[in-house]
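S.K.: Generate coordinates for the sequence data below:
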Amino acid sequence: MVNEDETTDSGRTVVVTGGALGIGGAASRRFAELGDHVLLLDRDRAAAERTGTEITAAGGRCTIVVGDITEDATVASLGATIDEVAGGRVDVLVNNVGDFRPAKAVFHKSGPEQWARLHQLNLWHVFTVTHLVLPGMIGQGSGAIVNVSTVEAYRGIPGNAVYSAYKAGVSAFTKSLAVELGPSGIRVNAIAPDLADTDQTPAAAMLEGRDASLVRSWVPLGRFGRAEDNADVIAFLASDDARFITGHTIPVDGGTLAASGWYGRTTQRGWTNRPDGA
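M.R.: Numbers count the residues shown, from 1 in each chain. As a prediction, the model looks like this:
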């Protein structure tokens with residue numbers, strides 16, 4: 001489904017996958033605030049329409065594409081929309097879609113179907129959507145790509161080995177593609193969020209009944225991240241202020257990657273990344 005709003009020649013064309021909720025929704029709103037035309041792709045029609053309405057009500061420009069980005073038909077629909085409403089031009093691509101589900105508690109209880117789905121959700125679509133927009137970016141001699149990885153690409157995460165492997169792949173792809181595309185005037189970077197209070201990972205679920213005051217012992221900056229914290233870094237990496245930055249994954253984690261590790265639970269089997277050991 002395409003919902004096209006009136007466009008002008010000003011601003012950039014920005015594609016945000018998973019652009020309705022959480023970090024993706026915050027990124028869509030941030031780019032619209034900057035005067036860009038946002039092509040918001042999401043499989044949740046109701047959420048996409050709500051975010052699109054918020055953007056247009058605030059004076060921004062948004063075109064909605066509804067579909068599952070892991071499906072070839074949705075990638076094709078996105079390409080047709082880019083041609084239709086932006087003349088084939090994409091200035092910024094944000095590959096935001098990702099999920100740690102489905103997952104078993106431990107790797108040996110998982111199976112190939114889960115690995116395949118996690119591959120589609122976390123790495124495969126990054127390839128397909130990037131591949132879709134690159135000919136245009138190369139032709140125009142400019143562009144910025146921002147991928148969403150995770151801090152779990154840089155530390156062990158028991159119970160999510162496959163997810164972390166694919167997210168590490170996102171960061172490796174980011175680095176290598178940046179070198180490849182530098183001569184074409186295209187920059188490629190990524191962010192690595194952690195402990196962000198979003199619809200996918202709400203603060204209540206992360207706390208699991210613990211005292212919220214404990215957060216300051218888990219996160220050096222003393223609070224969970226917000227979707228907007230990540231969106232602002234995405235917007236920066238896509239901006240001319242970051243014109244000499246490429247090939248990097250920037251942690252947006254309040255300092256957790258620098259400070260923390262995983263700890264064996266004290267009250268039951270398994271592991272935790274919270275230093276109370278519970």
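
S.K.: contacts, neighbours, all on C-alpha from now
M.R.: Fine.

S.K.: what residues are up against Gly24?
M.R.: Residues counted as contacts of Gly24 (C-alpha atoms under 8 Å, 6 or more residues apart in numbering) are Val16, Thr17, Gly18, Asn96, Val97, Ala227, Ala231.

S.K.: do Tyr166 as well
M.R.: By C-alpha under 8 Å, 6+ apart, Tyr166 lies in contact with Leu118, His119, Asn122, Leu123.

S.K.: any idea which element the spatially closest residue to the second one that is not a sequence neighbour lies in?
M.R.: In this case it means His119. Here the nearest residue to His119 in space, its sequence neighbours aside, is Tyr166; by C-alpha to C-alpha, 6 or more residues apart in numbering that works out to 6.4 Å. If you go by DSSP states H and E, Tyr166 is part of helix 161-181.

S.K.: what about Arg12, distance to Phe31?
M.R.: Distance of Arg12 to Phe31, given as C-alpha to C-alpha, to the nearest Å: 9 Å.

S.K.: actually Gly11, not the one I wrote
M.R.: Separation of Gly11 from Phe31 (C-alpha to C-alpha): 10 Å.

S.K.: In the contacts of Gly24, which residue is surrounded by the most others?
M.R.: Using other C-alpha atoms under 10 Å as the neighbour criterion, Thr17 leads the contacts of Gly24 with 29 neighbours.

S.K.: Next, count neighbours for the closest residue to that residue other than its chain neighbours.
M.R.: Setting aside the residues directly before and after it, Thr17 is nearest to Leu41 in space (C-alpha to C-alpha, 6+ apart), at 4.9 Å. Neighbour count for Leu41, taken as other C-alpha under 10 Å: 29.

S.K.: strands paired with the helix or strand hosting Leu41, and their directions?
M.R.: Element membership for Leu41 (DSSP H and E) is strand 37-42. Strand 37-42 pairs in its sheet with strand 13-17 (parallel), strand 61-66 (parallel), by DSSP bridges.
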